[in-house]
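> what's the 3D shape of this:
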Amino acid sequence: MTTTETGADAPFVPDTTDATDATDIVTDHDRGVHGYHKQKQEHLKRLRRIEGQIRGLQRMVDEDVYCIDILTQVSASTKALQSFALQLLEEHLRHCVADAAVKGGDEIDAKVKEATQAIARMLRT
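Numbering: from 1, shown residues only. So this is what the prediction gives:
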C-alpha cells in the first residue's frame, strides 16, 4: 500500500491545513461547569455539617458553656472550613487552571494569579 492510497488500511495523517489555534478550544469551563461540579452534592453535605457545627456554637454561647469548650468547637469548625477550602482549591487547580493551561496565552497567567491570590487569602486566615 502506498501513502497515496485511501481506505480503511491507510494510516491516519492529521489534516493541518485548517488547524485551529488554542483559543478555539471549547472546554467544560467555557460551558459554565466548575471544578467542584462532580462533587457538588458531597460539598453541600459537608457544608451542612459545618453549618451544624456553627449552630452548635451559637447554642453553646446561649447556654453559657465554659469558654474553653466553645474554643475547642471553634477550632474544629475552623479546621472543617479550611479542609473544605483546600479541597475546593485543589478542584479549581485541576479544572479551571488546567483548562486555562490548555488554552495558553494570557488566560493561564490570569488563572495562576487568581489561584495565588486565593491561596494568599487562605493563609491569612
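> other SSEs contacting the helix or strand of the chain with the lowest mean pLDDT?
Using mean pLDDT, DSSP states H and E, helix 98-103 stands out as the lowest-scoring helix or strand of the chain, at a mean of 86. Secondary-structure packing of helix 98-103 (3 or more Cβ pairs under 8 Å, 6 or more residues apart in numbering; DSSP states H and E): helix 106-124. Glycine gets a C-beta too; all of them are placed from N, C-alpha and C.
> Now do the longest helix along the chain against helix 106-124, angle only.
Determined from DSSP state H, the single longest helix within the chain is helix 67-92. If you take axes from the mean of the first three to the mean of the last three Cα atoms, to 10 degrees, helix 67-92 sits at 170 degrees to helix 106-124.
> buried residues in helix 67-92?
Neighbour counts using 16 or more other Cβ atoms under 10 Å place 73, 77, 80-81, 88-89, 91-92 of helix 67-92 among the buried residues.
> Turn those residues into JSON lines, including pLDDT and distance to Asp99.
Formatted as JSON lines, those follow (pLDDT from 0 to 100; distance: Cβ to Cβ, whole Å):
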{"residue": "Gln73", "pLDDT": "97", "distance to Asp99": "38"}
{"residue": "Ser77", "pLDDT": "97", "distance to Asp99": "32"}
{"residue": "Ala80", "pLDDT": "96", "distance to Asp99": "28"}
{"residue": "Leu81", "pLDDT": "94", "distance to Asp99": "26"}
{"residue": "Leu88", "pLDDT": "92", "distance to Asp99": "16"}
{"residue": "Leu89", "pLDDT": "92", "distance to Asp99": "15"}
{"residue": "Glu91", "pLDDT": "91", "distance to Asp99": "12"}
{"residue": "His92", "pLDDT": "89", "distance to Asp99": "10"}
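> could those residues go into JSON lines alongside distance to Glu42?
Formatted as JSON lines, these follow (distance: Cβ to Cβ, whole Å):
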{"residue": "Gln73", "distance to Glu42": "23"}
{"residue": "Ser77", "distance to Glu42": "19"}
{"residue": "Ala80", "distance to Glu42": "14"}
{"residue": "Leu81", "distance to Glu42": "15"}
{"residue": "Leu88", "distance to Glu42": "11"}
{"residue": "Leu89", "distance to Glu42": "16"}
{"residue": "Glu91", "distance to Glu42": "11"}
{"residue": "His92", "distance to Glu42": "16"}
